[in-house]
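J.: sharing a model that was predicted from the sequence below.
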Amino acid sequence: MNHALPTAIMGGGPVALAAAAQLAARNMPFVLLEQGTNVGAAVWSWKHVRMFSPWEFNIDLAARELLLQAGWPEPDHAHMPTGEELVRDYLEPLSRLNSIRPFLKLNSKVTAVHRKGFDKMKTAGREQAPFIIEYVHEGRTQRLEAASVIDATGTWLTPNPIGASGNLADGEALHADRITYGIPDILGRDRERYAARNIVVIGSGHSAIQALTLLHELKLQMPETTIHWLLRKIDVSDAFGGGERDGLPARGALGARAKQYVRNGNVIVHTPVMIHRVSRDEAATLTLLGTKQGEDYAIERVDEVIVATGARPDFSFLRELRYAADSAIESVPELADLIDPNIHSCGTVRPHGEAELRQPERNFYIVGSKSYGRAPTFLLATGYEQVRSVVAMLAGDEEAAREVRLRLPETGVCSGAGSPEPDGGGSTCCTPTSSSYKPIAVTTAAASSCCGSTGKGSSCG
């Protein structure tokens with residue numbers, strides 16, 4: 001690797017900044033490109049949501065050391081931050097460090113990455129050529145050369161649509177004024193939009209339940225508010241999680257609350273429903289049209305729709321690189337079998353690093369939630385370990401790259417072959433497979449399990 005050129009980090013969230021901290025700690029040059037006007041721009045969109053993982057799982061160790069050296073007041077490890085606190089108390093102070101601030105390029109949207117003088121087809125001499133990163137800053141296209149590239153752009157800005165086919169439902173784009181993706185600020189900025197309205201939440205993960213929780217609080221204040229929960233799962237109980245078995249109590253409590261909402265009749269459940277069309281009726285409200293167990297199904301007089309059906313990676317700017325992604329999950333291929341929700345619902349994979357993340361294009365890595373593709377199963381701690389290992393390898397420290405330095409909580413719920421029984425017995429669903437990692441520094445909340453979790457309470461990065 002040409003150490004005179006920087007490593008280009010794409011993204012400005014927690015994992016991207018962790019990569020910057022790891023590089024800074026090794027005195028390696030880097031440039032970080034973030035399309036937002038501030039670091040943590042995607043996190044800021046859910047600043048009102050409280051994470052269900054405490055600070056101890058949300059701070060990268062290299063970043064922590066750099067911050068402490070600068071006199072940073074470290075937050076209480078047991079406190080569960082909101083998205084706003086994550087940005088304000090961690091990401092922004094990290095971005096202001098002298099070892100990081102000069103190398104940030106904000107308001108810089110990456111549009112293309114390629115090898116200098118090489119399109120995707122050309123091979124001879126390819127690995128010796130530097131990368132070229134094209135990005136738009138203040139309306140002008142600019143370029144920089146890099147020795148290596150770390151893609152930590154995440155998936156939050158490319159949400160999955162309503163359509164059960166994976167594509168936009170008919171009419172979804174046309175009626176976008178009544179549709180919100182993610183977790184709106186229901187009790188704050190967006191309160192008037194949802195108060196005393198007929199609302200449908202679509203999705204079965206933690207983000208959907210977070211939205212239901214906020215809507216339920218609104219309903220207690222405004223009883224005229226009607227909440228519908230639309231899922232594709234056959235049984236709504238599959239969305240409730242591990243409860244008391246969950247290694248993160250707040251995460252377990254989230255599912256327990258959803259169960260209580262349904263039991264009390266405060267949330268109307270529609271499952272399994274596949275939506276194919278969105279239309280507007282004479283009263284200017286929406287109708288969601290689809291099927292339920294093969295029969296036509298409709299939810300009428302809908303004022304607002306909240307779509308929390310997960311997200312997907314954007315590979316468009318990587319077109320001229322030789323990258324690999326699983327054909328179904330769109331994850332890094334080596335991770336696919338461990339996070340495929342068709343096989344099991346474990347929260348995260350076993351500890352892994354540079355060897356598993358390695359791409360056909362040498363010195364190019366996809367990390368963070370984007371490395372998981374469409375799988376909704378990512379933890380910040382996993383991303384921090386990924387970039388620690390990747391940076392170690394870029395520095396030529398192969399021994400450190402192969403070490404395991406990760407602590408993960410257990411979800412208390414897994415499905416598929418080898419799943420625990422409902423009473424918590426049985427084997428775990430994340431049986432370790434062969435790995436280049438050496439189990440030297442493993443610390444886990446449940447040493448026999450690699451199960452973790454996801455959702456806007458734990459990952460987001």
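T.: Structure received.
J.: flag the shaky bits of the stretch 1-150 of the chain, pLDDT-wise.
T.: Of all residues in the stretch 1-150 of the chain, those with pLDDT under 70 make up the ranges 1-3.
J.: check what pLDDT the most far-flung residue of the chain relative to its centre gets.
T.: Farthest-out residue of the chain from its mean C-alpha position, per CA atoms, centre = their mean: residue 282, at 38.5 Å. The confidence metric pLDDT takes the value 81 at residue 282.
J.: next, it: phi, psi?
T.: The phi and psi values for residue 282, taken as degrees, to the nearest 10, are phi -60, psi -30.
J.: who touches residue 199 in this structure?
T.: In this structure, residue 199 makes contact with 215, 225-228, 302-306, judged by CB atoms under 8 Å, 6 or more residues apart in numbering. C-betas here are computed from N, CA, C, even on glycine.
J.: apply 6 Å and report the result again.
T.: Contact partners of residue 199, counting by CB atoms under 6 Å, 6 or more residues apart in numbering, are 227, 304.
J.: and the helix or strand hosting it, how far out from the chain middle?
T.: Remark: residue 199 resides in strand 198-202, with elements defined by DSSP states H and E. Taking the mean of its C-alpha atoms, strand 198-202 sits 23 Å from the chain's own mean (CA atoms, centre = their mean, to the nearest Å).
J.: so after that strand, what's the next helix or strand?
T.: On the C-terminal side of strand 198-202, the closest following helix or strand by DSSP H and E is helix 206-221.
J.: and the contacts of that next one?
T.: Helix 206-221 has contacts (CB under 6 Å, 6+ apart) with 49, 183, 186-187, 201, 225, 227, 254, 257-258, 261, 266, 306, 308, 455-457.
J.: output the contacting helices and strands for the next helix or strand after it.
T.: From helix 206-221 onward toward the C-terminus, using DSSP H and E, the following helix or strand is strand 226-230. Using 3 or more CB pairs under 6 Å, 6 or more residues apart in numbering; DSSP states H and E as the contact criterion, the neighbours of strand 226-230 among helices and strands are strand 198-202, strand 268-270.
J.: tell me the pLDDT of residue 324.
T.: The predicted local confidence for residue 324 comes out at a pLDDT of 97.
J.: could you do the one 10 residues further on as well?
T.: The predicted local distance difference test score for residue 334 is 94.
J.: what about it, which SS state?
T.: The local conformation at residue 334, judged by DSSP: H, G, I helix; E, B strand; the rest coil, is helix.
J.: just the terminal-to-terminal distance for stretch 311-330.
T.: Criterion CA to CA, to the nearest Å; first-to-last residue distance in stretch 311-330 is 11 Å.
J.: who touches it?
T.: 110-114, 119-120, 155-156, 158-160, 333, 336, 340, 359-361, 364, 370, 373-375.
J.: all helices for the stretch 251-400 of the chain, in order.
T.: Ranges of helices in the stretch 251-400 of the chain, per DSSP state H, counting those that start in this stretch, are 336-339, 354-357, 380-394, 398-402.
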